[in-house]
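Curious how this folds, go ahead:
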Amino acid sequence: MRQIAVLARKEIRSYFDSPVAYVVITLFLLIAGWQYSTGLFLSNTPDLRGLFGIVRFILLFFIPAVSMRLLSEEKRLGTIELLMTLPIKDWQLVLGKFISAYLLIFITLLLTLIHYITISLLGEPDFGATLGGYIGLFFIVGVYLSIGIFTSALTQNQIVAFILSFVIIFAFYIIDKIIFLFPGFIANILEYLSIDYHFNNIARGVVDSRDVIYYLSMMFFFLFLTVQTLESRKWK
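Modelled structure (predicted):
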């Protein structure tokens, strides 16, 4: 665990030692804040459902942009081989990278709490639904990032990693919107695979173990694939 913590601290420090973190956070907050504020004044309803919808959509682009360099940049520069000479295992490298990116986005999402404070002055938002919405967002971030780091391990080209990540994430995002095209049993399977379906369950304020297991399983699956992708280079 010490190696993971050291690597995560190094990575998160590299974000904030350069303009990357500040630009990413500022752009995210400006876009989300502007879109949400516009809808809030039109609906005149003191809740964060509109914000959660906007944030989920922005994350489709935001997370691939953040994650595309995590491993592809190391492969392009050849520094991943240097990392492998250190006393660190592949899964520790993957978790360190994953945790650092997660912390960056976690901080970004926490800053959106300013909207909850604002609407609390205008009305009485449902605290349970708000808490459920944020819990759902943090789970979504974990799944999206695990997909992003997996595609970053597949190629040394960051643009290719971005596109692959976006395509996979978008597929899981949109899948519950097209289930009407499929017969019952297939529709049920596709609905369960949908990231938004499980988010909507949690956003109602009830955290069901089935939804938690789904998100944790998705994260584990793609992080496992990432580790296997890195280890496959040893056989080439």
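
contacts, neighbours, all on C-alpha from now
Fine.

Low-confidence stretches in this protein?
Along the chain, the parts satisfying pLDDT under 70 run over 39-46, 77-78, 80-86, 233-236.

Identify the residue nearest the geometric centre of the chain.
By CA atoms, centre = their mean, the chain has its centre lying nearest to Val141, at 2.3 Å.

Am I right that that residue is in contact with Leu103?
No. If you go by CA atoms under 8 Å, Val141 and Leu103 don't touch, sitting 10.2 Å apart.

What are the contacting residues of stretch 187-196?
Residues outside stretch 187-196 that contact it (CA atoms under 8 Å, 6 or more residues apart in numbering): 140, 172-176, 179-181, 197-198.

So for whichever strand or helix holds Ala32, what gets flagged as buried?
Assigned by DSSP states H and E, Ala32 belongs to helix 20-43. By neighbour count on 16 or more other CA atoms under 10 Å, the buried set for helix 20-43 is 21, 24-25, 28-29, 32-33, 36, 40.

sorry, back to before: can I get the contacts of stretch 187-196 in CSV with secondary structure and distance to Ser165?
Conversion of the contacts of stretch 187-196 to CSV gives the following (DSSP: H, G, I helix; E, B strand; the rest coil; distance: CA to CA, whole Å):
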residue, secondary structure, distance to Ser165
Ile140, helix, 14
Phe172, helix, 11
Tyr173, helix, 12
Ile174, helix, 14
Ile175, helix, 16
Asp176, helix, 19
Ile179, helix, 22
Phe180, helix, 25
Leu181, helix, 25
Tyr197, helix, 20
His198, helix, 20
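
which residues does Phe106 contact?
So Phe106 contacts Phe138 (CA under 8 Å, 6+ apart).

Tell me which residues of the strand or helix carrying it come out buried.
Using DSSP H and E, Phe106 sits in helix 90-111. Residues of helix 90-111 classed as buried by neighbour count (16+ other CA under 10 Å): 90-102, 104-106, 108-109.

same check, this time on stretch 225-235
Across stretch 225-235, burial judged by 16+ other CA under 10 Å covers 225-227, 229-230.

My guess is Ile149 contacts Ile99. True?
No. Distance between Ile149 and Ile99: 10.9 Å, which falls outside the contact criterion (CA under 8 Å).

Need the three-state assignment for Pro87.
With DSSP: H, G, I helix; E, B strand; the rest coil as the basis, Pro87 sits in coil.

how many other residues sit next to it?
Using other CA atoms under 10 Å, the number of residues around Pro87 comes to 8.

how close does it sit to Glu11?
17 Å (CA to CA, to the nearest Å).

just to revisit the earlier point, output the buried residues of helix 20-43 as a markdown table; include the columns distance to Gly128.
Shown next, in a markdown table, are the buried residues of helix 20-43 (distance: CA to CA, whole Å):
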| residue | distance to Gly128 |
| --- | --- |
| Ala21 | 30 |
| Val24 | 29 |
| Ile25 | 26 |
| Phe28 | 25 |
| Leu29 | 23 |
| Ala32 | 22 |
| Gly33 | 22 |
| Tyr36 | 20 |
| Leu40 | 19 |
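
Buried ones in the host helix or strand of the residue nearest to the centre of the chain, by neighbour count?
Element membership for Val141 (DSSP H and E) is helix 127-154. Across helix 127-154, burial judged by 16+ other CA under 10 Å covers 129-154.
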